[in-house]
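In: Build me a model from this:
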Amino acid sequence: MTIREQAAAPAERYVVPAETDREAPIAFDEPIAARHWRFDPANHDEIYIVGDVHGSIDELEQLWGRLAPSGDDLVVFVGDLVRKGPASVAVAEFVAESPHAVSVRGNNEMKLLRGSVDTAPFEPILETVRELPFVISVGDSVVVHGGLHPEWDPSAHDPDDLLELRSVPQGNGYDGPFWFELYDESPRVFFGHTVLEAPYVSDGAVGLDTGCVYGGALTAYDWRADELLSVPGTEHQSRPDRKFVDTGADVDPGS
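Out: Numbering: from 1, shown residues only. Got it, this is the predicted structure:
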């Protein structure tokens, strides 16, 4: 019997917070509310949150080997499992088939669902992508792909805000200021989407897209230990330096 047959996958152990659930760290309106998955940390041993993979299966397998999830460990991905790298289908299937892994939807998953890119190479995983939530809560932490606007009530966000938010005001792209630099609210938000020279860590936000597919690193955050670890990435796609945000942090790949 395989591990997958012995244990329920995380996607079978979540709850969708009810509007009246006072234990939920944050509440959204529809259509986000129906795709807001909540996990109770008491049901899991180790908990990890992983940055944008973008089809980089070799790096994912290397990082996975270092995390070595077992038992009731939980690994949450910040979205953008797919596109840009060489093995999107393999990455999405790896996450879907693991008894430990779950992911929010990223803007690149949304591009597949909207048909705004050629979907033919991704046919085997379209239904898997369609099942991904917009938001995952782990205790008093929230995982989204893009971010939360520091001046908006949660109910003011639509799905594209959660998947694509980067600068404030929106539309500033990599010119900033960035939402996470202005966000000092609760809950703490874990995010990807904005490519960083090194992880961004503050009391309010943790950014984990460290440009794996651009030759940076694939980064994970140990939620219980409050520690970062990463493996070196491979430059499957080039990216100008101005589109890497310097957060001032210093975390070397392989640390």
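
In: what about residue 238, neighbour count?
Out: 7 (other Cβ atoms under 10 Å). Any C-beta I mention is one placed from the backbone N, CA and C, and that applies to glycine too.

In: Could I get the contacting residues of the closest residue to residue 38 other than its chain neighbours?
Out: The shortest distance from residue 38 to any non-neighbouring residue, by Cβ to Cβ, 6 or more residues apart in numbering, is to residue 137 (4.3 Å). Applying Cβ atoms under 8 Å, 6 or more residues apart in numbering, we find residue 137 in contact with 17, 24-26, 36-39, 143, 187.

In: Now that residue 218 has come up, it's in contact with residue 231, right?
Out: Yes - between residue 218 and residue 231 there is a contact at 5.4 Å, judged by Cβ atoms under 8 Å.

In: ok, back up a step: and which of the contacts of residue 137 is nearest residue 126?
Out: Set against residue 126, the nearest of the contacts of residue 137 by Cβ to Cβ is residue 37 (19.8 Å).

In: Which stretches in this structure count as strands?
Out: 36-39, 47-50, 74-77, 101-103, 135-138, 141-143, 188-191, 200-201, 205-207, 217-222, 227-232 (DSSP state E).

In: pretty sure residue 25 is touching residue 189, no?
Out: No - taking contacts as Cβ under 8 Å, residue 25 lies outside contact range of residue 189: 10.0 Å.

In: got any residues that touch both of the two?
Out: Contacts common to residue 25 and residue 189, judged by Cβ under 8 Å, 6+ apart, are 141-142.

In: Which residue of those two possesses the greater neighbour count?
Out: More neighbours surround residue 189 than the other of residue 25 and residue 189, with 26 against 18 (other Cβ under 10 Å).

In: for stretch 116-129, which positions count as buried?
Out: 122, 125, 128-129 (16 or more other Cβ atoms under 10 Å).

In: Settle it for me: which of residue 218 and residue 231 has more neighbours?
Out: More crowded of residue 218 and residue 231, by other Cβ under 10 Å: residue 218, with 29 against 22.

In: re the thing from before, got a markdown table for the strands of the chain, with mean pLDDT and distance to residue 182 too?
Out: A markdown table is the format used below for these (pLDDT from 0 to 100; distance: least, Cβ to Cβ, whole Å):
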| stretch | mean pLDDT | distance to residue 182 |
| --- | --- | --- |
| strand 36-39 | 92 | 23 |
| strand 47-50 | 98 | 21 |
| strand 74-77 | 97 | 24 |
| strand 101-103 | 96 | 26 |
| strand 135-138 | 95 | 20 |
| strand 141-143 | 96 | 16 |
| strand 188-191 | 97 | 12 |
| strand 200-201 | 96 | 12 |
| strand 205-207 | 97 | 10 |
| strand 217-222 | 98 | 21 |
| strand 227-232 | 96 | 22 |
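
In: I'd like those as a markdown table, with distance to residue 10 appended.
Out: Output for those, formatted as a markdown table (distance: least, Cβ to Cβ, whole Å):
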| stretch | distance to residue 10 |
| --- | --- |
| strand 36-39 | 7 |
| strand 47-50 | 10 |
| strand 74-77 | 6 |
| strand 101-103 | 4 |
| strand 135-138 | 9 |
| strand 141-143 | 12 |
| strand 188-191 | 15 |
| strand 200-201 | 24 |
| strand 205-207 | 19 |
| strand 217-222 | 16 |
| strand 227-232 | 20 |
